[in-house]
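*Asks:* Provided below for reference: sequence and predicted model.
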Amino acid sequence: MVLHIVDHPLLHDLMTRLRDRETSSDDFRALTYRASTFLIAEATRDLPTREVPVATPLEATTGRRIATRVVAVPVLRAGIGMLQAFVDLVPGTEVGYFGLERDEETAVARRYYEKVPKELGGAVVFLLDPMLATGGSAAMAVEGLLARGAKDVRLVAIVAAPEGVDLLLKRTNGTSIFVAALDRGLNERKYILPGLGDFGDRLYGT
Ligand code: PRP
Ligand code: URA
């Protein structure tokens with residue numbers, strides 16, 4: 001597993017505004033979209049391409065197109081905030097969904113919905129979930145993807161805690177993680193510190 005912490009001044013600026021408790025849900029959604037574009041650009045940097053002919057208005061030339069099957073799997077609810085950025089950036093994306101929710105008392109994730117392509121063997125699969133806290137949700141989702149034959153799974157998150165990175169490493173060695181920030185740790189309720197609070201609540205104003 002490789003942890004990539006994406007470092008860009010514009011992403012730092014977006015992150016500070018995402019963390020700010022005064023940021024409205026409307027702004028939070030827009031900032032999530034923008035931050036996601038940086039992370040997705042980085043997570044897709046090594047996708048294979050093939051040369052194709054293209055006719056410009058002036059002459060024939062060649063260009064490159066993405067040459068692999070790409071599947072994006074947002075984790076409900078919060079991962080939905082990252083999906084539009086993904087499909088806007090990556091042509092031909094197939095989309096699957098995992099519905100996972102942490103128990104408020106135990107912070108243990110429970111799966112309540114699943115609609116993912118059955119066969120993922122030939123695909124590059126991007127799991128979209130902005131928060132990697134204990135890692136329980138991401139590990140459950142990655143295991144579900146591996147069970148469908150996925151060989152190349154990349155988690156695109158916004159904030160990670162070291163505990164989540166460690167758990168994912170232990171349970172699903174081989175998953176790459178792309179994040180904007182690796183934060184200090186978890187509080188007693190398993191929220192990331194300093195973090196940005198409950199991502200789903202802030203995204204949807206609940
Ligand atoms: C959040 C987040 C992750 C999970 C991370 O979802 O979007 O899925 O918590 O925590 P973990 O690493 O400790 O598993 P939540 O369960 O709050 O559901 P929601 O997005 O529907 O609010
Ligand atoms: N889920 C969130 O939305 N935020 C956290 O800090 C941890 C889990």
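*Replies:* Now that the structure is in, tell me what you want to look at. Ligands and ions are numbered 1, 2, ... in the order given.

*Asks:* Find the closest residue to ligand 1 in the protein.
*Replies:* Proximity to ligand 1, evaluated over the chain using CB to the nearest ligand atom, is greatest for Gly200 at 2.7 Å. Yep, even glycine has a C-beta here, placed from its N, CA and C like the rest.

*Asks:* Not counting its own residues, what contacts the helix or strand where that residue lies?
*Replies:* Assigned by DSSP states H and E, Gly200 belongs to helix 199-204. By CB atoms under 8 Å, 6 or more residues apart in numbering, the residues outside helix 199-204 that reach it are 23, 25, 28-29, 32, 77-78, 80-81, 130-131, 158, 196, 206.

*Asks:* Return the subset of these lying in helices.
*Replies:* Counting by DSSP state H, the part of these found in helices is Ser25, Phe28, Arg29, Thr32, Ile80, Gly81.

*Asks:* Please pick the buried ones from those residues.
*Replies:* Among the ones in helices among the contacts of helix 199-204, those buried by neighbour count (16 or more other CB atoms under 10 Å) are Phe28, Arg29, Thr32, Ile80, Gly81.

*Asks:* Going by distance to Gly96, which of those wins?
*Replies:* Closest approach between those and Gly96, by CB to CB: Ile80, at 12.5 Å.

*Asks:* List the contacts of that closest one.
*Replies:* The contact partners of Ile80, by CB under 8 Å, 6+ apart, come to Pro74, Leu203.

*Asks:* Can you tell me which of the buried ones among the ones in helices among the contacts of helix 199-204 is nearest ligand 2?
*Replies:* Gly81 (10.8 Å).

*Asks:* Pull the contacting residues for that closest one.
*Replies:* Gly81 is in contact with Arg29, Thr32, Tyr33, Ser36, Pro130, Phe199, Leu203, counting by CB under 8 Å, 6+ apart.

*Asks:* list the buried ones in the helix holding Gly200?
*Replies:* So, applying 16+ other CB under 10 Å, buried residues of helix 199-204: Phe199, Gly200, Arg202, Leu203.

*Asks:* May I see these organised as JSON lines, with pLDDT added?
*Replies:* Output for the buried residues of helix 199-204, formatted as JSON lines (pLDDT from 0 to 100):
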{"residue": "Phe199", "pLDDT": "98"}
{"residue": "Gly200", "pLDDT": "97"}
{"residue": "Arg202", "pLDDT": "98"}
{"residue": "Leu203", "pLDDT": "98"}
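
*Asks:* which two in those residues are spaced the farthest apart?
*Replies:* Gly200 and Arg202, at 7.4 Å, using CB to CB across the buried residues of helix 199-204.

*Asks:* mind listing the helices for this protein?
*Replies:* 9-19, 25-43, 80-89, 136-147, 162-171, 199-204.

*Asks:* any residues touching the second one, and which ones?
*Replies:* Here helix 25-43 makes contact (CB under 8 Å, 6+ apart) with 4, 6, 8, 10-11, 14-15, 17-18, 23, 81-82, 84-86, 88-90, 126, 128, 130, 154, 156-158, 176, 178-180, 202-205.

*Asks:* between the helices of the chain, which one is nearest to ligand 2?
*Replies:* Taking those one by one with CB to the nearest ligand atom, helix 199-204 is closest: 3.7 Å.
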